[in-house]
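Engineer: Requesting a structural model of the entry that follows:
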Amino acid sequence: VQDSADLGVSVGITTLESMGGFGFDYTLAHVAARDWALRHTDDVLRQMATTTQRGVGQAIARWAENGEPLQALADDLQVFFAPKRAALVAATETTRAYQRGNETAWQESGVVAAMQWYTVKDERVCPWCNAMHGQQALLSGFFPGGIPAPPRHPACRCFTVPVIKEP
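Structural biologist: Numbering: from 1, shown residues only. Below you'll find the predicted structure:
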């Protein structure tokens with residue numbers, strides 16, 4: 001990429017010089033561009049994050065409605081992320097969406113007292129999540145240690161199950 005950019009600049013300089021003495025030193029700092037970036041970069045990054053968040057949210061909502069495999073969502077997210085990152089975001093954010101949706105449904109049911117943390121109990125479970133297995137939390141609260149419901153980290157495969165109120 002750098003070589004291509006350098007070649008493009010070289011061709012541009014040669015073209016300008018052949019048009020009657022125009023010169024250009026691309027090694028000089030573009031002070032106005034630098035100043036603009038210093039003033040506006042935070043705004044641009046916020047706008048990009050908002051656009052990405054909205055697009056990811058819409059893609060997950062479409063996926064939840066259409067019943068396609070998770071890879072289809074990961075493919076859709078490649079508009080925003082590289083393939084490996086898209087797969088990671090797809091797995092993590094669908095876990096988050098379903099967890100939060102379950103919590104809402106459980107609260108609305110009136111019969112769920114709490115939620116209990118479960119891992120898949122295999123060799124890939126991280127030590128953080130392994131320590132959470134079996135812990136309970138109220139639906140409106142956090143698990144012991146102030147830990148929110150899964151996912152606890154990217155690619156977390158943990159989930160919660162409802163604990164029904166005693167009759």
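
Engineer: got a list of what the residue most central in space within the chain touches?
Structural biologist: Nearest to the geometric centre of the chain sits Val89, at 4.9 Å (C-alpha atoms, centre = their mean). Val89 sits next to Val56, Ala74, Leu77, Phe80, Phe81 when contact means C-beta atoms under 8 Å, 6 or more residues apart in numbering. (C-beta placed from N, C-alpha, C; glycine too.)

Engineer: let's see it at 7 Å
Structural biologist: Val89 makes contact with Val56, Leu77, Phe81, according to C-beta atoms under 7 Å, 6 or more residues apart in numbering.

Engineer: confidence score at it?
Structural biologist: At Val89, the pLDDT value in this model is 95.

Engineer: Helix or strand: which one has it?
Structural biologist: If you go by DSSP states H and E, Val89 is part of helix 83-109.

Engineer: List the contacts of the nearest residue to Thr52 once chain neighbours are set aside.
Structural biologist: Residue nearest to Thr52 in three dimensions, not counting chain neighbours: Phe80, with 5.1 Å by C-beta to C-beta, 6 or more residues apart in numbering. By C-beta under 7 Å, 6+ apart, Phe80 lies in contact with Thr52, Gly55, Val56.

Engineer: and the last one, how many residues sit next to it?
Structural biologist: Right, Val56. 20 (other C-beta atoms under 10 Å).

Engineer: one step back: now intersect the contacts of Phe80 with the helices, please.
Structural biologist: Residues of the contacts of Phe80 located in helices (DSSP state H): Thr52, Gly55, Val56.

Engineer: would you say Glu123 is within a helix?
Structural biologist: No - the assignment for Glu123, made by DSSP: H, G, I helix; E, B strand; the rest coil, is coil rather than a helix.

Engineer: ok, it to Ala74 distance?
Structural biologist: Using C-beta to C-beta, to the nearest Å, we find Glu123 at a distance of 24 Å from Ala74.

Engineer: These two: which is more packed in?
Structural biologist: Shown here are Glu123 and Ala74; by other C-beta under 10 Å, Ala74 has more neighbours (22 against 5).
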